[in-house]
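> Provided below are the primary sequence and the corresponding predicted coordinates.
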Amino acid sequence: MAQPGVPGRSGPVQGYALDTPERTVRTGVLGECVKTGIWREGMELEECGGAPAAEAVARVEPAPAPAAPPPVTEPEPVEVQPLPAPVEEPQAPLAEPEPAPLPPAPPPLETLTLAADALFALNSDVLRPTAKGSLDELVRKLEDMDYDAVEVTGHTDPTGSTALNERLSRRRAEAVKLYLIEQGVPAEKISARGVGSSMPVVDAEDCRRLAKGQRAACFQPDRRVDIEVTGTMASMAQQ
């Protein structure tokens, strides 16, 4: 049996349920058209929200071709400016370190050598009367000096035993020291020692080759008393 038509449309109505031959069944709150089980795409009625009858056959426009991407352009080269050279702040010149103080110069040493034969008789430690003149001259020099120490050293020649020579040289040095103290040299500044024949100034073998009478004269430089004064002349110390 042919399905009835709907006013305003030509031909039968397909896909929709009709309550009368005059109108489409409308139910629900929104008044939507009731579709039947045979409804398919393309059966839309204008009354049910479809396109007008004149536009029943819709033309499918082809999808536009995707637009071509814009051409890739090379970026313009960017000129890289060199970084400015760092400006060095002027620095204050380093202060020159103060030179280390020079060590004090050692005090000058003045040595007076007196022949023992002029001071003492053979094997004696008693000063000759004539020896005192030489020692008095030394005392006058000391009065013009700013001295720290006076050291008296007695020497003998190698003839005789070692023990005898050491004892004789020490007693002679003590005799000279005692005389200088008596003449005003401060006792705390003067010392005495005897070294016997341990510090010769002549070659003993040369003297022993000589005749016996000549040996004593050859050894004479070894028989002596050295007086070493450490200090400066007073006139120099005042400058």
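It's in.

> care to break this protein down by domain?
The domain map for the chain lists 12-52, 109-237, with the assignment taken from automatic domain parsing.

> so which of those domains is nearest residue 65?
Of all those, domain 12-52 sits nearest to residue 65, with 26.6 Å by Cβ to Cβ. For glycine as for every other residue, the C-beta is placed from the backbone atoms N, C-alpha and C.

> can you put the domains of the chain in JSON lines and add distance to residue 81?
Written out in JSON lines, the entries for the domains of the chain read as follows (distance: least, Cβ to Cβ, whole Å):
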{"stretch": "domain 12-52", "distance to residue 81": "66"}
{"stretch": "domain 109-237", "distance to residue 81": "75"}
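
> and residue 74, which of those domains is closest to it?
Using Cβ to Cβ as the criterion, the shortest distance between residue 74 and the domains of the chain is 51.3 Å, found for domain 12-52.

> what is residue 151 paired to in the beta sheet?
residue 191, residue 228 (DSSP bridges).

> so who does it touch?
Shown here is residue 151, whose contacts under the criterion Cβ atoms under 8 Å, 6 or more residues apart in numbering are 190, 191, 192, 193, 227, 228, 230.

> put the buried members of the residues you listed into a PyMOL selection.
The following PyMOL selection, which keeps only the buried ones among the contacts of residue 151, applies the criterion 16 or more other Cβ atoms under 10 Å:
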select buried, resi 190+192+227+230
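
> closest one of the contacts of residue 151 to residue 169?
Checking these against residue 169 by Cβ to Cβ gives residue 193 as the nearest, at 8.4 Å.

> so the closest one: helix, strand or coil?
Here residue 193 is strand, with the state taken from DSSP: H, G, I helix; E, B strand; the rest coil.
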